[in-house]
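Student: Okay, predicted coordinates and the sequence, questions at the end:
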Amino acid sequence: MKQKNIKSILSNYRILVFLFMMIAIGASIQSLTLEKKSSVEGGLEYNRYNNYTIFKASFSHLKEGKSLYVLYPEEHWDLYKYTPSFAVFFGLFAIFPDWLGLPLWNLFSVLIFLIAVYYLPKVNIYQKGLILLFCTIELITSIQNAQSNVLIVGLILLAFALLERNKYLIAVFCVIFSVFIKLFGIVGLALFLFYPKKWKLALYSALCLSLLLALPLLFIGFNQYEMLLSGYWNMLMNDYSISYGYSLIGWLNIWFGLESNKLIIVAVGVLIFLIPLFRYKEYKTYTFRILTLCSILIWVILFNHKAESPTMIIAMSGVSIWFVISGKSNLNMILFLAALLLVSLSATDLFPHYIREAIIEPYAIKVIPLILIWLKIIYDMTVLNKKKLDIE
């Protein structure tokens with residue numbers, strides 16, 4: 001009876017949408033009401049929604065002709081690491097006081113994610129409820145930090161769902177917009193391979209790219225914009241050279257002491273990602289396309305030198321979709337439970353603090369199930385025949 005009730009709740013989108021909206025509001029209230037905390041440097045105190053403050057301040061800095069890519073310790077901790085166009089977009093929230101702007105930002109991100117999940121074709125309502133359930137912990141972690149990751153994964157999922165319905169213009173905008181938030185969204189362009197009328201996709205891409213690229217010129221002159229783009233590029237290069245994060249690169253460094261060039265590892269990752277895409281005949285198979293979506297979502301975390309706990313919502317979305325559409329073999333069950341345990345639940349109080357501090361974090365344990373699941377997806381896409389792949 002209990003199982004029936006749980007399935008009934010997970011199949012009721014109204015209940016889940018309401019709950020996730022409440023989570024967004026609750027996390028915002030928590031961030032707004034918690035006491036300020038000190039940063040490592042200088043003993044300055046900052047609020048608990050520092051990322052939102054960074055985003056909000058970027059809009060003011062852009063309008064005032066200031067550099068976006070230098071520290072402003074009197075306002076917030078850490079650098080702004082996004083494009084000038086995202087700073088303009090965030091003006092939609094920056095016009096409000098924090099007590100209203102922060103909840104609106106988190107609600108917007110969660111709403112896009114919910115719309116994207118419920119818009120996925122050929123995934124039943126119960127499976128969509130399971131996807132949301134499996135992603136809940138990572139979603140909470142991301143919005144508690146006022147991060148953009150929930151929005152990014154929502155945009156990529158929504159792009160896929162729109163492409164499946166031949167709604168190319170909005171789909172292209174979602175992918176290009178995700179790139180203007182965080183550069184790794186560019187991997188989402190791989191989805192375009194599966195759909196006809198490539199000329200239309202290329203035209204829409206050029207249009208959306210031009211519009212988003214030109215957006216800051218509404219507020220600043222061309223020379224100032226050129227300086228900002230140069231600053232953005234320099235920031236990316238410096239940021240890339242000093243960080244490993246919860247990535248495959250970091251795992252190889254921690255476990256095996258490998259100091260290989262990051263670009264070489266990323267290049268190998270690209271080659272492995274592309275292997276199944278040589279099966280052109282499978283492009284017409286829905287399961288092949290959605291598995292590619294899952295591969296993309298996990299890839300951008302495995303090969304992201306800045307991957308951290310709040311970014312895991314992206315990878316766990318891919319893992320969750322993979323699990324609900326795949327056959328429930330023993331191997332798939334073990335891999336999924338390992339991801340749920342080591343990626344999501346390891347960050348909660350279910351794990352003793354000392355295990356998290358002494359093992360999970362220093363040894364990048366979160367990365368291991370993601371590596372194995374990604375390789376399993378690549379294997380399935382490469383080896384399995386159409387009959388076994390197809391869920392249509």
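Tutor: Happy to help now that I have it. Residues are numbered from 1 along each chain as shown.
Student: shaky segments in the chain?
Tutor: 1-3, 38-43, 240-245, 258-260, 385-392 (pLDDT under 70).
Student: if we go to 50?
Tutor: 390-392 (pLDDT under 50).
Student: Mark out where each domain of it begins and ends.
Tutor: 1-228, 243-392 (automatic domain parsing).
Student: can you list those domains in CSV and add mean neighbour count?
Tutor: C-beta: built from backbone N, CA, C; applies to glycine. Output for the domains of the chain, formatted as CSV (neighbours: other C-beta atoms under 10 Å):
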stretch, mean neighbour count
domain 1-228, 18
domain 243-392, 18
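Student: now those domains as CSV including distance to residue 234?
Tutor: Formatted as CSV, those follow (distance: least, C-beta to C-beta, whole Å):
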stretch, distance to residue 234
domain 1-228, 7
domain 243-392, 15
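Student: Of all those, which one is nearest residue 236?
Tutor: Closest to residue 236 of the domains of the chain, according to C-beta to C-beta: domain 1-228, at 7.0 Å.
Student: Now do that closest one: distance to the chain's middle.
Tutor: Distance of domain 1-228 from its chain centroid, counting by C-alpha atoms, centre = their mean, to the nearest Å, is 8 Å.
Student: Tell me how far residue 247 lies from residue 239.
Tutor: Residue 247 sits 13 Å away from residue 239, going by C-beta to C-beta, to the nearest Å.
Student: Overlap of the contact sets of the two?
Tutor: residue 305 (C-beta atoms under 8 Å, 6 or more residues apart in numbering).
Student: so where do the helices sit in the stretch 251-392 of the chain?
Tutor: Here the stretch 251-392 of the chain has its helices, by DSSP state H, counting those that start in this stretch, at 262-274, 286-302, 312-325, 330-339, 353-355, 367-383, 386-389.
Student: want to throw those helices into a markdown table with distance to residue 125?
Tutor: Listed next are these as a markdown table, based on distance: least, C-beta to C-beta, whole Å:
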| stretch | distance to residue 125 |
| --- | --- |
| helix 262-274 | 31 |
| helix 286-302 | 16 |
| helix 312-325 | 11 |
| helix 330-339 | 20 |
| helix 353-355 | 37 |
| helix 367-383 | 24 |
| helix 386-389 | 23 |
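Student: for those, which one sits closest to residue 161?
Tutor: helix 286-302 (9.5 Å).
Student: Now that closest one - C-alpha only, PDB.
Tutor: Output of helix 286-302 as PDB, limited to C-alpha atoms (Å, rounded to 0.1, in the frame of the first residue of the first chain):
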ATOM      1  CA  TYR A 286      15.100   7.800 -29.600                       C
ATOM      2  CA  THR A 287      16.900   5.800 -26.900                       C
ATOM      3  CA  PHE A 288      20.200   6.500 -28.700                       C
ATOM      4  CA  ARG A 289      19.500  10.200 -28.700                       C
ATOM      5  CA  ILE A 290      18.400  10.400 -25.100                       C
ATOM      6  CA  LEU A 291      21.500   8.400 -24.000                       C
ATOM      7  CA  THR A 292      23.600  10.900 -25.800                       C
ATOM      8  CA  LEU A 293      21.900  13.600 -23.700                       C
ATOM      9  CA  CYS A 294      22.800  11.600 -20.600                       C
ATOM     10  CA  SER A 295      26.400  11.300 -21.800                       C
ATOM     11  CA  ILE A 296      26.600  15.000 -22.300                       C
ATOM     12  CA  LEU A 297      25.300  15.800 -18.900                       C
ATOM     13  CA  ILE A 298      27.800  13.500 -17.200                       C
ATOM     14  CA  TRP A 299      30.700  14.500 -19.500                       C
ATOM     15  CA  VAL A 300      30.500  18.200 -18.700                       C
ATOM     16  CA  ILE A 301      31.100  17.400 -15.000                       C
ATOM     17  CA  LEU A 302      33.800  14.700 -15.500                       C
END
